[in-house]
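Peer 1: got a sequence here, can you build the structure:
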Amino acid sequence: MTLSNRLRAGAITLTLSLASSTSFAWAIEAPELMPDGNAPSPPGAIIAQPAAPVQDATSVVVPDAPKVPRLALVLAGGGSRGVAHIGVMKVFKTAGIPVDYVAGSSMGALLGGLYAAGVDPDDLEKLALSGKLRKAFLPVPVGLQATVGVPKYLLLRMMFFKPKIGLYSGKSISSFVHDNLPEHVRNIEDLKIHFAAVAINLDDTRPVWQKTGDLGEAVRASCTVPFFYQPVCRDNMVLVDGGIRSNLPTAAGLATGSPIVIGVKLHSFLESVDKKSNDTCLRYADRLTSILMAEIESKAVGQADLLIEPKVQYMALFSFSKANLKRAIAAGEEAAWKMVPQIKARLQLPAVAQTTR
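Peer 2: Sure, this is the predicted structure:
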């Protein structure tokens, strides 16, 4: 072989070697792409708003050629108002409406996750009315927790420590989920129905569709109301309540390719109140949050084919009295029955007579 041929062969070998090593490095180090085709935003990057959502690497798989159209159920957040979802689930059970995918924010994620795991709606109702659901969100009364927690936080800050921000750790929420899951079910991948718990990544402002991993931790992240609960660090992200940006996560349902997306919207109705109703910090915050969530939900309705709109405007976000919870569940049932004929028609299923409580 001549010198020129040897040089040419050597160059080809080096090129192939570099290409091979580059491909290997890309396979190991390439960042996961987001639904919009972009990599996760590094610190300091400017992110156009509204920010595109982030999905887990594992996509929802919808089987080919289903016998009937697939249905995605999207459950809004709204604190204790979210127990209206239980009423909707009860009606779906009675009417024989199959659900193939569930996405939820905050309380919608908690109840939707347990529902997707196979927990019967009647059992969810019992959990809500027993006081266990309230205990999950408020393990210690707010006033007492603030009396102890706020001075402790300020003291640590004065000592140049940086404690997590939030009255509660939020661990009681994940524990509640774990305690009420069926046996041998722990991760989202184990659920009977495909599911996504929606949270917001504080680092880059994007919604995150949590579709893999520990269900309790995913729900906890989705329920992390800022200042009430400490942010959840998961997969190099700092996650908080999904309702901040995606309270009615219809985009997550639409992304599955489901021909029918049904949204359960909790803030279609707000009632007027007198001036004295907003004279405490909690009531003031509740009122502002309700207005913001109503606005956020209104921007998502265009991606839903049908809406179920329970009238729960009388409830505060953390109103867990048994009477109010019963009333909210009944409101969910009433709103769902109104939509059953349309849902049945879309699913090409036979009609069913409404039952009363």
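
Peer 1: export stretch 239-257 to CSV, keeping only CA atoms.
Peer 2: Below are the C-alpha coordinates for stretch 239-257, written out as CSV (Å, rounded to 0.1, in the frame of the first residue of the first chain):
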residue,chain,number,x,y,z
LEU,A,239,-42.2,20.6,41.7
VAL,A,240,-45.2,22.4,43.0
ASP,A,241,-49.0,22.3,42.6
GLY,A,242,-50.1,21.7,39.0
GLY,A,243,-53.0,24.1,39.4
ILE,A,244,-50.7,27.1,39.2
ARG,A,245,-50.5,26.8,35.4
SER,A,246,-52.6,23.7,34.4
ASN,A,247,-55.5,23.4,36.8
LEU,A,248,-57.6,21.6,34.2
PRO,A,249,-54.9,19.6,32.3
THR,A,250,-56.8,18.9,29.1
ALA,A,251,-53.6,19.1,27.1
ALA,A,252,-52.4,15.9,28.9
GLY,A,253,-55.5,14.1,27.9
LEU,A,254,-55.4,15.4,24.3
ALA,A,255,-51.8,14.3,24.0
THR,A,256,-52.8,10.6,24.4
GLY,A,257,-54.6,10.7,21.1
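
Peer 1: buried residues in stretch 233-247?
Peer 2: Of all the residues in stretch 233-247, those buried under the rule 16 or more other Cβ atoms under 10 Å are 234, 237-247. In short, each C-beta sits where N, CA and C put it, glycine included.

Peer 1: which residues are in contact with stretch 176-185?
Peer 2: Contacts of stretch 176-185 with the rest of the structure, by Cβ atoms under 8 Å, 6 or more residues apart in numbering, involve 110, 113-114, 117-119, 123, 127, 132-133, 135-136, 186, 190-191, 215-216, 219-220.

Peer 1: picking up where we left off before, among the buried residues of stretch 233-247, which one sits closest to residue 141?
Peer 2: When the buried residues of stretch 233-247 are ranked by distance to residue 141 (Cβ to Cβ), residue 241 comes first, at 20.9 Å.

Peer 1: quick revisit: among the contacts of stretch 176-185, which are in helices?
Peer 2: 110, 113-114, 123, 127, 132-133, 135-136, 215-216, 219-220 (DSSP state H).

Peer 1: pretty sure residue 220 is in contact with residue 232, am I right?
Peer 2: Yes: if you go by Cβ atoms under 8 Å, residue 220 and residue 232 touch, sitting 5.8 Å apart.

Peer 1: for those two, indicate the residue with more neighbours.
Peer 2: residue 220 (29 against 23; other Cβ atoms under 10 Å).

Peer 1: excluding sequence neighbours, find me the nearest residue to the more buried one.
Peer 2: residue 174 (4.1 Å; Cβ to Cβ, 6 or more residues apart in numbering).

Peer 1: cool, residue 264 as well?
Peer 2: Nearest to residue 264 is residue 308, by Cβ to Cβ, 6+ apart, at 4.7 Å.

Peer 1: neighbours of the one you found, just the number please.
Peer 2: What residue 308 shows, counting by other Cβ under 10 Å, is a neighbour count of 30.

Peer 1: tell me where the stretch 201-350 of the chain has helices.
Peer 2: 215-222, 243-246, 250-254, 281-298, 322-347 (DSSP state H, counting those that start in this stretch).

Peer 1: can you classify the closest residue to residue 332 other than its chain neighbours by secondary structure?
Peer 2: Leaving aside its sequence neighbours, residue 332 sits nearest to residue 87 (Cβ to Cβ, 6+ apart; 2.5 Å). Here residue 87 is recorded as helix under DSSP: H, G, I helix; E, B strand; the rest coil.

Peer 1: hang on, residue 74 in a strand?
Peer 2: Yes: assessed with three-state DSSP, residue 74 lies in a strand.

Peer 1: run through the bridge partners of it.
Peer 2: residue 103, residue 263 (DSSP bridges).

Peer 1: rewinding a little: out of the helices of the stretch 201-350 of the chain, which comes closest to residue 141?
Peer 2: Per Cβ to Cβ, nearest to residue 141 of those: helix 281-298, 11.7 Å.

Peer 1: show me how far that closest one is from its chain's centre.
Peer 2: The chain centroid and the centroid of helix 281-298 are separated by 18 Å under Cα atoms, centre = their mean, to the nearest Å.

Peer 1: and if you look at stretch 132-144?
Peer 2: 21 Å.

Peer 1: ok, stretch 298-314 next?
Peer 2: For stretch 298-314, the distance to the chain centre is 16 Å (Cα atoms, centre = their mean).
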